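Enquirer: just to be clear, the model below is a prediction. Sequence and coordinates:
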Amino acid sequence: MAASGEYMTRERLQTLLYHCPLTKIEIHGVHHRYTKQLGGETKLGPNGKPDLTPLPIESICNHPRMPELIHNPFAHDICKVFSSDGEGLTFLEFLDMVSSFSPRASRERKLLVAFNVYDKDRDGFIGISDIDAILHKICGDGLTRQQRSKVTKQILRESDMDGDGFLSIDEFKAKLVLFPDFVTNFRFHFV
């Protein structure tokens, strides 16, 4: 039986184990990272339900205990994919993010997360403005706007199978099939 107010009960842990590819030890490690190292809270509220106060995305991405994100140009975008309010991550959202980058996460899950990171305007497609923003984030001022436009058009020419000017999730998946190392490389070592 859990102590009064304890968040990580046996029942909650079993539920988490059922819903994510992490092990019991890894889930406890993620919980420790979120609460002890990042300062997030996972306590029970007065009604006995979890009080899931979000930890600000900015503090997660810039925290020295998060080397997986601190130097990643897509860190904020990654966190926003998992954030229900676009501003912060609750423990459950943080766990979802970490488990999605686990080596045991499914290829389908990783593809969906990658697509959502690159779909900057959240319209369900990767379009010209999304690709331009990605290139600018990766290359900075290394490419002029004209060069980015040329690369963007080339990406669409090679990947947009139906010619509508956008990449759908299916077109994105079809393109990534050509990169067998994607699943192996789309990971962080969080725990």
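Expert: Perfect, thanks for sending it.

Enquirer: contacts and neighbour counts: CA atoms only from here.
Expert: Fine.

Enquirer: where do the helices sit along the protein?
Expert: In the chain, the segments counted as helices under DSSP state H are 10-19, 24-32, 57-61, 67-70, 75-82, 91-100, 107-118, 128-139, 145-159, 169-176, 182-185.

Enquirer: could you figure out how far the second one is turned away from helix 91-100?
Expert: Taking axes from the mean of the first three to the mean of the last three Cα atoms, to 10 degrees, one finds that helix 24-32 is oriented at 130 degrees with respect to helix 91-100.

Enquirer: so what's the residue most central in space within the chain closest to, chain neighbours aside?
Expert: To find the centre residue of the chain, average its C-alpha atoms and take the closest one (Cα atoms, centre = their mean): that gives I78, at 3.8 Å. With Cα to Cα, 6 or more residues apart in numbering as the criterion, I78 has its nearest non-adjacent residue at 5.7 Å, and that residue is V117.

Enquirer: hang on, the earlier thing: wait, isn't the residue nearest to the centre of the chain in contact with D119?
Expert: No - with the criterion set as Cα atoms under 8 Å, I78 and D119 do not qualify as a contacting pair; they are 10.9 Å apart.

Enquirer: state the distance from the residue nearest to the centre of the chain to E93.
Expert: 11 Å (Cα to Cα, to the nearest Å).

Enquirer: now swap in H71 and tell me
Expert: With Cα to Cα as the criterion, H71 and E93 are 21 Å apart.

Enquirer: these two: which is more packed in?
Expert: When neighbours are counted by other Cα atoms under 10 Å, H71 and E93 differ, and E93 comes out ahead with 19 against 11.

Enquirer: that one: what's it in contact with?
Expert: Taking Cα atoms under 8 Å, 6 or more residues apart in numbering, we find E93 in contact with F82, S83, S84.

Enquirer: kindly reformat these as JSON lines containing distance to H19.
Expert: Below are the contacts of E93 laid out as JSON lines (distance: Cα to Cα, whole Å):
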{"residue": "F82", "distance to H19": "15"}
{"residue": "S83", "distance to H19": "18"}
{"residue": "S84", "distance to H19": "18"}
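
Enquirer: could I get these as CSV with neighbour count, pLDDT and distance to I27?
Expert: As requested, the contacts of E93 are exported to CSV (neighbours: other Cα atoms under 10 Å; pLDDT from 0 to 100; distance: Cα to Cα, whole Å):
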residue, neighbour count, pLDDT, distance to I27
F82, 23, 96, 17
S83, 21, 95, 19
S84, 13, 92, 21
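
Enquirer: closest one of the residues you listed to S106?
Expert: For the contacts of E93, the residue nearest S106 by Cα to Cα is F82; the value is 16.6 Å.

Enquirer: can you check the pLDDT for the closest residue to the closest one other than its chain neighbours?
Expert: Nearest residue to F82 in three dimensions, chain neighbours excluded: E93, at 5.7 Å (Cα to Cα, 6+ apart). Among the per-residue scores, E93 holds a pLDDT of 93.
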